[in-house]
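Q: The sequence isn't on hand, but the structure is:
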Ligand SMILES: [Zn+2]
């Protein structure tokens with residue numbers, strides 16, 4: 001079945017790239033509504049932006065959605081991952097600025113708030129995208145691939161020259177609340193060497209050691225160190241979850257990524273969904289629905305984060 005929030009919930013923070021303060025409220029929405037953003041500060045043009053891959057703009061450092069009137073919202077991926085990871089199908093996300101707040105750099109605050117507020121079932125069947133054929137996209141030595149599977153599974157590998165990151169790989173079935181337990185608290189990361197470059201381009205203006213892990217050679221500069229020894233690859237999986245959530249329905253298939261980022265995952269979705277022979281929309285069977293990210297999760301799944 002489809003799901004929404006029991007009541008609205010509000011977040012306040014700054015945009016990672018803009019550095020500007022933003023207030024964001026997630027509201028319940030009726031069955032069949034889907035996920036929509038609404039810019040409350042926009043006076044000209046349509047303030048509504050659909051959370052859909054067809055509106056995604058290719059940017060290397062975040063995922064940005066833009067409607068026909070040029071009204072946009074940036075850095076949607078950690079929020080989209082949290083919505084998918086909590087099984088939320090229908091919500092309106094209102095915000096008074098151009099960028100989703102970065103909070104602690106992960107999806108944890110969104111997930112905590114959604115599960116504490118409560119996820120409620122709606123009287124409408126859940127549809128999913130069943131992948132029928134293997135589709136792959138590449139960029140240099142990086143690649144991303146979707147192939148058939150019963151629930152959503154992910155396999156990801158990264159390879160950085162920084163000693164503190166290095167080669168990391170992880171395989172995970174997203175059933176049984178795995179997103180909440182294993183991915184949602186992993187933070188965004190960058191290399192200290194890249195910080196000056198990003199700032200010179202007007203990016204990462206809201207970045208701090210508190211909302212991103214900053215690596216310098218073999219060292220972690222952020223206070224408190226890592227939350228998981230392989231936090232970077234977990235965060236890349238979180239990002240991929242958020243980008244896959246722009247499909248408009250949960251995906252039944254295996255996602256594999258090698259050094260993949262937002263642009264590649266979005267190109268992959270485009271490649272799969274622009275050819276109807278690659279997939280079919282299915283009404284989820286009970287077993288399929290039980291295997292999806294977010295199925296059956298509740299505030300009791302947060303116990304490990306209540307410290
Ligand atoms: Zn991210």
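A: Nice, thanks for sending it over. Since we're looking at a predicted model, the values are computed, not measured. Residues are numbered from 1 along each chain as shown.
Q: residue contacts, residue 145?
A: By CB atoms under 8 Å, 6 or more residues apart in numbering, the residues touching residue 145 are 134, 135, 136, 137, 254, 255, 256, 257, 268. From N, CA and C alone the C-beta is placed, and that goes for glycine too.
Q: how about it, secondary structure?
A: strand (DSSP: H, G, I helix; E, B strand; the rest coil).
Q: if we can go back for a sec, from the contacts of residue 145, which land in helices?
A: residue 268 (DSSP state H).
Q: list the contacts for the residue in the stretch 51-200 of the chain that the ion sits nearest to?
A: Nearest residue of the stretch 51-200 of the chain to the ion: residue 188, at 4.2 Å (CB to the ion). By CB under 8 Å, 6+ apart, the contact list for residue 188 reads 16, 78, 102, 105, 106, 211, 212, 213, 235.
Q: returning to what we had before: which ones among the contacts of residue 145 map onto strands?
A: 135, 136, 137, 254, 255, 256, 257 (DSSP state E).
Q: Pick the one among these closest to residue 278.
A: Nearest to residue 278 among the ones in strands among the contacts of residue 145: residue 135, at 5.7 Å, using CB to CB.
Q: Around the ion, pick out the residues from the protein.
A: For the chain, the residues in contact with the ion (CB under 5 Å from the ion) are 188, 239.
Q: Mind naming the longest helix for the chain?
A: The longest helix of the chain (DSSP H) is helix 231-244.
Q: which secondary structure elements does that helix contact?
A: If contacts are counted by 3 or more CB pairs under 8 Å, 6 or more residues apart in numbering; DSSP states H and E, helix 231-244 sits against helix 77-85, strand 152-159, strand 167-173, strand 189-191, strand 251-258, helix 262-273.
Q: tell me which residues in it are buried?
A: Buried residues in helix 231-244, counting neighbours by 16 or more other CB atoms under 10 Å, are found at 231-244.
Q: and which of these is nearest to the ion?
A: residue 239 (4.2 Å).
Q: So which of the helices and strands packed on helix 231-244 is the most surrounded?
A: Burial of the helices and strands packed on helix 231-244 is given as mean neighbour count (mean count of other CB atoms under 10 Å); helix 77-85 ranks first at a mean of 27.
Q: Rounded mean pLDDT for that helix, please.
A: Looking at helix 77-85 alone, the average pLDDT works out to 97.
Q: And for stretch 116-136?
A: The pLDDT scores in stretch 116-136 average 97.
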